[in-house]
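Undergrad: Got a predicted structure here, sequence first:
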Amino acid sequence: MSPRALDAWLYGTLVAHVERDREDGVRLTFSPEALTRWGHGSAVMSGLLPLSERSPSTTAVAAWLRGLMPEGRARGHLAERAGVPPDDVVGFLAVYGRDTAGAVTLVPRGAAPDRPKVPLRTLDDAEIGELLDEATAQGVADQPTSIAGLEAKAVLTSTVDGFAHPTPDRPSTHILKVARPADSRSADLTDTEAAALALARACGLGDVEAQHREFAGRRTLVVRRYDRVVLDDRTERVHQEDMAQLLGLDTSDPERKFQYGKRLPALREIALRLDRLGVPLRDLLALTTFNLAIGNADAHAKNVSVLHLEDGTHRLAPVYDVAMHMHHEHAEQRFAMDVDGGRGMHELSSAHLTAEAASWGVPPRLASRVVRETLEQLDRTLAAVARTDHPGVGESAWATVESRVRRLLGGDPAR
C-alpha cells in the first residue's frame, strides 16, 4: 500500500512533513526545527514555499514535488516498477525521493534520512552498458533515483576506483546521457552539449564538466552534477530549485516549461523571483545572452536553476543542459522564453536583451554592458577554443555560433 506521509530532510534538519489530505491533495507542514534553524520566510528549501507556520497551497506543493520527478515514459516506467500510479506524488517519492535534484531527501514518515553505510561496488563497463540500455529502452535506468527531464539517462557515483551504483549514503555524482545514433538528425546533440559547457566554463558562467566515454561500445556523455560535492569519504548535497518549481509550474504537460507567448514562465517573472532571493539579475541576463548567442533553443524553465545554500543565501546555478541547435535545419526556431516580446531565434538582437532586462528593473546602461561583455567574452573564447577537443562538433555548428555572436555584437538579429 502506498504510504500517506513523508518526511523531508535538508542539510541534516527535518525541514517538513508531507502528507495526503482528505481530498487526496498534498499538504506540507514545516517543522519547528527548520523554523528555528533558518527562520520564518527563509527560502532555503524553495522560493515558492518559504518557511512558515502556515501550510502553503496544496496546489503549489504538488507542483513543486512533481518537479522532482521525471517526465514522460521515464515517470511511467518508474511508477510501474514501484507499484504506484504515475500521478501519486507521495507514493513515487517514498520510493525514489532519497536521491533527487538538489539536497532535499524524502523518506517515508519516521524513516531515518541516512541508512547504514553500504559498501560501494565498482561497476565494470559491461554493467554500465546494461544500465545505459535500460535508459535507452525505458527513458531511465532501473535505479532508486528521481531525475527530472525527458532525455534518457542513468546516474552513477564517482569513487577512487571508478563508478558505482548510488547508495543511500553516497548519492549520485554524475549523470550519463546516451549519445544519439550516428544516423539521427541530432547525432551531435551530446557533442554540442559538451562544447557548450566548455564555452560556458571559459566565459565564467559555470563549472559543469562533461566528457564522452564509451561503456561496452555505448558512446555516452558523462556530466558532473553541480548539486553534489565529492569529498574523500562522502558526497555532500547542494540544494537547488529549477525555475519551473520556483514559479509553481506543473510540468506534467512538458510544454509548460516553455513560454512561447504564454504568460508563464516569463523571464520577467523569473527575474522578479530571483531578485527577491538576492540573486544578481546580471547573472540571469548573462545566461540568457549566452543561450541566445550559441543558439540553444532548449533554455526553458527547468534548465535554469537557483542554488539554495546551507547558510540561507542563494545564487544562480551554473550553466547546464545547454547545446547548439541552430546549425540544424530541423531545429526549433523559437527561443524557449520570450525576450522583450519576441521569440524568433533569428529575430532577437542585443537590443531585445537590453530591453528585457530593463523590464526587470536593471538599469539600461548596466544591461547593455552585461550583454556586450558576455558576447565579447564568448567571441574571444570561440577564437581560442581547441576544436580538436570536440571532434563530434562539425564546422557548421561552430560557424553558426560565431555568426550569431558577431551579429549580436554588431546590433543585428542573430542569424
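TA: Nice, thanks for sending it over. Residues are numbered from 1 along each chain as shown.
Undergrad: For residue 209, give me its contacts.
TA: By Cβ atoms under 8 Å, 6 or more residues apart in numbering, the contact list for residue 209 reads 197, 201, 223-224. For the C-beta atoms, the positions are set from N, CA and C on the backbone; glycine is no exception.
Undergrad: and which of those is nearest to residue 242?
TA: Set against residue 242, the nearest of the contacts of residue 209 by Cβ to Cβ is residue 223 (15.7 Å).
Undergrad: Of the contacts of residue 209, which belong to strands?
TA: 223-224 (DSSP state E).
Undergrad: neighbour-wise, which of the contacts of residue 209 leads?
TA: Each of the contacts of residue 209 was scored for neighbours by other Cβ atoms under 10 Å, and residue 197 scores highest at 26 neighbours.
Undergrad: Point to the residue nearest the middle of the protein.
TA: residue 303 (4.6 Å; Cα atoms, centre = their mean).
Undergrad: looking at it, that residue is touching residue 323, isn't it?
TA: No: Residue 303 lies out of contact with residue 323 (Cβ atoms under 8 Å); the separation is 10.1 Å.
Undergrad: related to what we said a few turns ago, look up phi and psi at the residue nearest to the centre of the chain.
TA: phi -100, psi 20 (degrees, to the nearest 10).
Undergrad: Skipping adjacent residues, who's closest to residue 264 in space?
TA: residue 247 (5.9 Å; Cβ to Cβ, 6 or more residues apart in numbering).
Undergrad: Please disregard the earlier target; I meant residue 39.
TA: Per Cβ to Cβ, 6+ apart, closest to residue 39 is residue 51, 7.0 Å.
Undergrad: Quick one: the helices in the stretch 151-300 of the chain, in order.
TA: If DSSP state H, counting those that start in this stretch is used as the criterion, the helices of the stretch 151-300 of the chain fall at 189-202, 243-247, 267-276, 281-294.
Undergrad: Return the most buried member of these.
TA: helix 243-247 (a mean of 25; mean count of other Cβ atoms under 10 Å).
Undergrad: pLDDT (mean, whole number) over that helix?
TA: For helix 243-247, mean pLDDT rounds to 96.
Undergrad: and if you look at stretch 27-47?
TA: 97.
Undergrad: List the buried residues in it.
TA: Judged by neighbour count using 16 or more other Cβ atoms under 10 Å, the buried positions of stretch 27-47 are 27-28, 30-31, 34-35, 37-38, 42-47.
Undergrad: Out of the residues you listed, which two sit at the greatest distance?
TA: The farthest-apart pair in the buried residues of stretch 27-47, when distances are taken by Cβ to Cβ, is 27 and 37, at 21.8 Å.
Undergrad: so how far is the worst-scoring helix or strand of the chain on mean pLDDT off the chain centroid?
TA: Every helix and strand of the chain was ranked by mean pLDDT, DSSP states H and E. The lowest is helix 72-82, at a mean of 86. Distance, stretch centre to chain centre, for helix 72-82: 20 Å (Cα atoms, centre = their mean, to the nearest Å).
Undergrad: Over to stretch 75-86?
TA: Distance, centroid of stretch 75-86 to centroid of chain: 22 Å (Cα atoms, centre = their mean).
Undergrad: Same check on stretch 403-415?
TA: The answer for stretch 403-415 is 28 Å, by Cα atoms, centre = their mean.
Undergrad: for this structure, what are the low-confidence residue spans?
TA: 1-2, 22-24, 115-116, 149-150 (pLDDT under 70).
Undergrad: how does it divide into domains?
TA: 5-108, 125-230, 238-409 (automatic domain parsing).
Undergrad: Next, format the ones you listed as a markdown table and append distance to residue 119.
TA: As requested, the domains of the chain are exported to a markdown table (distance: least, Cβ to Cβ, whole Å):
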| stretch | distance to residue 119 |
| --- | --- |
| domain 5-108 | 17 |
| domain 125-230 | 8 |
| domain 238-409 | 25 |
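Undergrad: wait, which of the ones you listed is closest to residue 415?
TA: domain 238-409 (5.5 Å).
Undergrad: count of residues packed around residue 4?
TA: 15.
Undergrad: mind checking how far it is from residue 108?
TA: Between residue 4 and residue 108 the distance is 9 Å, computed by Cβ to Cβ, to the nearest Å.
Undergrad: coming back round to it: extract the CA atoms of the helix or strand that the least confident helix or strand of the chain is followed by and return them as CSV.
TA: Per DSSP states H and E, the first helix or strand lying C-terminal to helix 72-82 is helix 89-96. Backbone C-alpha positions of helix 89-96 (Å, rounded to 0.1, in the frame of the first residue of the first chain) are rendered in CSV as follows:
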residue,chain,number,x,y,z
VAL,A,89,3.5,12.1,-5.8
VAL,A,90,3.7,10.8,-2.3
GLY,A,91,4.0,7.1,-3.3
PHE,A,92,6.5,7.8,-6.0
LEU,A,93,8.8,9.9,-3.8
ALA,A,94,8.6,7.4,-1.0
VAL,A,95,10.5,5.1,-3.2
TYR,A,96,12.7,7.5,-5.2
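Undergrad: Can you check what angle separates helix 89-96 from helix 72-82?
TA: 80 degrees (axes from the mean of the first three to the mean of the last three Cα atoms, to 10 degrees).
Undergrad: what number of residues lie near the closest residue to residue 229 other than its chain neighbours?
TA: Once flanking residues are discounted, residue 229 sits nearest to residue 236: 4.5 Å by Cβ to Cβ, 6+ apart. For residue 236, the number of neighbouring residues by other Cβ under 10 Å comes to 13.
Undergrad: Helices of the stretch 301-415 of the chain, start to end?
TA: Going by DSSP H, counting those that start in this stretch, the stretch 301-415 of the chain shows helices at 350-360, 364-384, 395-409.
Undergrad: Fine by me, we can end here.
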